[in-house]
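Asker: sequence and predicted structure, then a few things I'm wondering about:
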Amino acid sequence: MAGLTLNHLYKRYDNSGKKKKIKNDFAVKDLNLVCEQGEFVALLGPSGCGKTTTLRMIAGLEEITDGEIFIGDRLVNKLHPKDRNIGLAFEDYAMYPPLNVYGNVAFNMRAKGVPKEEIDRKVREIAPLMQIDDLLDKMPVKLSGGQKQRVNIARAIIREPELLLMDEPLSHLDGKARQAMRTEIKRLINKIKCTTVYVTHDQLEAMSLADKIAIINFGVLQQFGTPTEVYDDPANEFVASFIGEPPMNILETTIINKDGTFFFTFEDSNLQIAVPKRYYSVVSDGFRCKMGVRPMDVLIGGPDSQGTSEEIATFENLGDERRIGVRVGDVLMMLITEDEKRYKRGDVIKLEVREEKTHLFDIETGDRIREKN
Ligand code: ATP
């Protein structure tokens, strides 16, 4: 087992032959990342942001344009994939159809000429771990999606790789099976403690599985941190709106100064929210920025509430929580409540915001505006 270091990694595809010119042809741009030994790191971002390209460069399946890749302290830039000592579990879990599960799991070791007894010992050791021990005689066509995926991961880890790379391994599974497999992967990774890089576009998957998450957009790393860090302390507007479901409310605001107290105000709305004192050193009367607040930090006030009266625009009952939308200018501000009451469109509520939980973002760049110490 080893850690992984990416140093100023770049990938530029040559699109010169393409009829349609692609403007930003950097699939990955100046990516720096250090995954500690035994850490589970998720690469997270929207479709086309460069996750798979990064994983394929680590695996040696894609040439790198510039930069360095270290597995442990070995520079692997020029190493063939088979010499990098990695285990791969990709989305496409193609198996050898004429071989049963045992044959599929054992395939690589047989190809390498590992003695039969050792192969058998390893397959029998890994099978219960992946809960495929009762499937070893089955043919691939007889397996469910979840079972195929477990076999796929077993094939990757049986080689005792230094680094395990997984690309959207759960994408073929639907809701319940996906959740069950997520728990499985967590259990497995806790057991084998192999440094793992896991590609996903699903923030829930990343949040629940990973020790650290690298959030990427347009090939550029936006933030690298623990799930708590990226959720509570987002580096910019992109991260703030990508992590969390429903996403953070982000509204353009003009800050005003009323008798020495600063308030966020919003166009075409009566809503005013006090600016936390910690931001007083970075704001001024008339200051324009964006304010972010998570739906669970927007509350319905009681009868004596000092909050603003707002009309409910949308109401969704999701069983154990209810989502309410309130128009603030032309933006729908969402709040989540566990309040049992069934509201309807047009009902008026007192809206309160946990002002300490508000974030400020630069109106142009989307970067976080942080308080000065
Ligand atoms: P997804 O979640 O949809 O798989 P991704 O984040 O994994 O997306 P990549 O597949 O790494 O993204 O693609 C990153 C960018 O590189 C995209 O703009 C894609 O169109 C481009 N790209 C990927 N492979 C090639 C290729 N072989 N030739 C040219 N451009 C490519």
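Answerer: That came through fine.
Asker: rest of the way, CA atoms for contacts and neighbours
Answerer: Will do.
Asker: so which residues of the stretch 151-300 of the chain form strands?
Answerer: Assigned by DSSP state E, counting those that start in this stretch, the strands in the stretch 151-300 of the chain fall at 163-167, 195-200, 212-217, 220-225, 249-258, 261-265, 272-274, 287-293, 298-300.
Asker: Met207 contacts Glu229, doesn't it?
Answerer: No - look at Met207 against Glu229 with Cα atoms under 8 Å: they stay out of range, at 10.6 Å.
Asker: buried residues in stretch 49-62?
Answerer: Across stretch 49-62, burial judged by 16 or more other Cα atoms under 10 Å covers Cys49, Gly50, Lys51, Thr52, Thr53, Thr54, Leu55, Arg56, Met57, Ile58, Ala59, Gly60.
Asker: what sits against the third one?
Answerer: Going back to what we said before, that points to Lys51. The neighbours of Lys51, taking Cα atoms under 8 Å, 6 or more residues apart in numbering as the test, are Leu43, Leu44, Gly45, Val199, Thr200, Ile216, Gly219.
Asker: what do you get for Leu135?
Answerer: For Leu135, the contacting residues are Val101, taking Cα under 8 Å, 6+ apart as the criterion.
Asker: what's the distance between it and Lys258?
Answerer: Distance check for Leu135 against Lys258: by Cα to Cα, to the nearest Å, it reads 70 Å.
Asker: quick check: residues of the chain near the ligand?
Answerer: Applying the criterion Cα under 6 Å from any ligand atom, the portion of the chain that neighbours the ligand consists of Tyr13, Ala27, Ser47, Gly48, Cys49, Gly50, Lys51, Thr52, Thr53, His201.
Asker: one step back: mean pLDDT and mean neighbour count added to the strands of the stretch 151-300 of the chain, as TSV?
Answerer: As requested, the strands of the stretch 151-300 of the chain are arranged in TSV below (pLDDT from 0 to 100; neighbours: other Cα atoms under 10 Å):
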stretch	mean pLDDT	mean neighbour count
strand 163-167	92	24
strand 195-200	94	26
strand 212-217	97	24
strand 220-225	98	20
strand 249-258	97	20
strand 261-265	97	20
strand 272-274	95	19
strand 287-293	97	21
strand 298-300	94	20
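Asker: out of the ones you listed, which gets nearest to Glu355?
Answerer: When the strands of the stretch 151-300 of the chain are ranked by proximity to Glu355, the top entry is strand 272-274, at 6.3 Å, counting by Cα to Cα.
Asker: which helices and strands sit right next to that closest one?
Answerer: Counting contacts by 3 or more Cα pairs under 8 Å, 6 or more residues apart in numbering; DSSP states H and E, the secondary-structure elements packed against strand 272-274 are strand 261-265.
Asker: low-confidence stretches in this protein?
Answerer: Across the chain, the ranges flagged by pLDDT under 70 are 1, 16-24, 91-93, 373.
Asker: show me the domain layout of it.
Answerer: 4-15+22-242, 249-369 (automatic domain parsing).
Asker: who are the contact partners of the residue nearest to Leu170 when sequence neighbours are not counted?
Answerer: In space, Leu170 comes closest to Arg178 once its chain neighbours are excluded; the distance is 6.0 Å by Cα to Cα, 6 or more residues apart in numbering. Under the criterion of Cα under 8 Å, 6+ apart, the neighbours of Arg178 are Gly146, Leu170, Ser171.
Asker: do a quick rundown of the helices in the chain.
Answerer: Taking DSSP state H as the criterion, the chain contains helices spanning 51-59, 101-111, 116-129, 145-157, 175-192, 203-209, 227-232, 237-242.
Asker: got the CA positions of the longest one in CSV?
Answerer: By that I understand helix 175-192. Taking only C-alpha atoms (Å, rounded to 0.1, in the frame of the first residue of the first chain), the coordinates of helix 175-192 have been written out as CSV:
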residue,chain,number,x,y,z
GLY,A,175,-31.4,3.4,-5.9
LYS,A,176,-31.6,0.7,-3.2
ALA,A,177,-28.8,-1.5,-4.7
ARG,A,178,-26.6,1.5,-4.9
GLN,A,179,-27.1,2.3,-1.3
ALA,A,180,-26.4,-1.3,-0.2
MET,A,181,-23.3,-1.5,-2.4
ARG,A,182,-22.1,1.8,-0.9
THR,A,183,-22.2,0.3,2.5
GLU,A,184,-20.4,-2.8,1.2
ILE,A,185,-17.6,-0.7,-0.3
LYS,A,186,-17.2,1.2,2.9
ARG,A,187,-17.0,-2.1,4.9
LEU,A,188,-14.5,-3.6,2.4
ILE,A,189,-12.2,-0.6,2.2
ASN,A,190,-12.1,-0.4,6.0
LYS,A,191,-10.9,-4.0,6.0
ILE,A,192,-8.3,-3.8,3.3
